[in-house]
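Engineer: return atomic coordinates for the entry below.
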Amino acid sequence: MYKILIIEDEERIARFLELELLHENYEVYKAFDGKRGLELFQLCAFDLILLDIMLPGISGIEVLRKIRQTSSVPVIILTARDSTVDKVFGLDKGADDYITKPFSIEELTARIRAALRKKAESNKINSEDCLSSGDLRLFPQHHLVTYGDVEKIDLTKKEFDLLKMLLLNKNLVLTREKLIEQVWGYDYLGETNVVDVYIRYLRSKIDDVFGKRIIHTIRGVGYVIKDGEIKERTKY
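Structural biologist: Presented below is the predicted three-dimensional model:
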């Protein structure tokens, strides 16, 4: 049975969500502020978290930041803030999805199922396995990226997810649209050049640091990581 944590300060909404999710056969826990939400997160391994942004004490964004320091558990933000800027901000901070109040319970449960399916697909990779290209190693279950003797390359969740998607599809060219769909979600409403921006972030942390060309641009199409490296970087 999947365990879901609801962090929502409006008790009426939290109770409504609890009843609906119990009806869907989820195991449900509730917290009415950020501090208690983090305490529960640390005590129990949850499969998904529903997180309100406007919480008393510790904000939802701060709660999300602390969660992402140690976990890649799916997080769906629930909030009354419906501007594109707020959505992009939440997604860039590590949320997996974003739904605005008021919402239909049918849409929310559909998004929960989608997030859990995505997590299950990711978990098919054995925790002892890694994705690699040359000296680059990515360990999905540990949210860890290394290069050669370097113990860890610090990446944000979106950078990590983008690199993982490219490595999972090594030698296949992925379009920007496909990467947006897989990494940011099918309903992403931000700038269409977000993939190019995050590719630059990855290159600045990997290609530029280690002097290796890992991520290749296929002009007019998208990006690819090839099976092997080019020892001397060329313009790309």
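
Engineer: strands of the protein, residue ranges please.
Structural biologist: 3-7, 27-31, 48-52, 75-79, 97-100, 131-133, 136-139, 144-147, 174-175, 213-218, 222-230 (DSSP state E).

Engineer: tell me the average confidence for the second one?
Structural biologist: pLDDT averaged over strand 27-31 equals 96, rounded to a whole number.

Engineer: before we move on, back to that, Met165 is nearest to which of the strands of the chain?
Structural biologist: Met165 lies closest to strand 174-175 among those, at 6.9 Å (CB to CB). In this view, the C-beta of every residue, glycine as well, is placed from N, C-alpha and C.

Engineer: tell me the strands beside the closest one, with direction?
Structural biologist: Applying DSSP bridges to the sheet, strand 174-175 is found paired with strand 222-230 (antiparallel).

Engineer: how far away is the residue lying closest to Asp161 once chain neighbours are set aside from Arg203?
Structural biologist: Nearest residue to Asp161 in three dimensions, chain neighbours excluded: Val183, at 4.9 Å (CB to CB, 6 or more residues apart in numbering). Going from Val183 to Arg203 by CB to CB, to the nearest Å gives 16 Å.

Engineer: next one: Lys158
Structural biologist: Applying CB to CB, the value for Lys158 to Arg203 is 15 Å.

Engineer: over to Asp135?
Structural biologist: Noted for Asp135: a distance of 16 Å to Arg203, by CB to CB.

Engineer: which of the two has more residues huddled nearby?
Structural biologist: Ranked by neighbour count (other CB atoms under 10 Å), Asp135 and Arg203 place Arg203 first, with 17 against 14.

Engineer: nearest residue to Leu144 in space, please, no chain neighbours.
Structural biologist: Lys152 (6.3 Å).

Engineer: count of residues packed around the one you found?
Structural biologist: Count around Lys152 with other CB under 10 Å applied: 11.

Engineer: for Lys124, give me the pLDDT.
Structural biologist: We note a pLDDT of 57 for Lys124 in this prediction.

Engineer: likewise for Glu128?
Structural biologist: pLDDT, Glu128: 47.

Engineer: hmm, Val73 and Lys118 touching each other?
Structural biologist: No. Taking contacts as CB atoms under 8 Å, Lys118 lies outside contact range of Val73: 11.8 Å.

Engineer: and those two? Which one has more around it.
Structural biologist: Taking other CB under 10 Å, Lys118 and Val73 do not tie; Val73 has more neighbours (18 against 15).

Engineer: per-domain residue ranges of the chain.
Structural biologist: 3-123, 131-230 (automatic domain parsing).

Engineer: quick one: average pLDDT of the last one?
Structural biologist: It stands for domain 131-230. On average, domain 131-230 scores 86.

Engineer: contacts for stretch 47-62 next, please.
Structural biologist: For stretch 47-62, the surrounding residues in contact (CB atoms under 8 Å, 6 or more residues apart in numbering) are 2-10, 17, 33-35, 37-38, 41, 63-64, 67, 73-81, 86, 89-90, 93, 95, 108, 112, 115-116, 119.

Engineer: apply 7 Å and report the result again.
Structural biologist: By CB atoms under 7 Å, 6 or more residues apart in numbering, the residues outside stretch 47-62 that reach it are 2-9, 17, 33-35, 63-64, 73-79, 81, 90, 93, 112, 115-116, 119.
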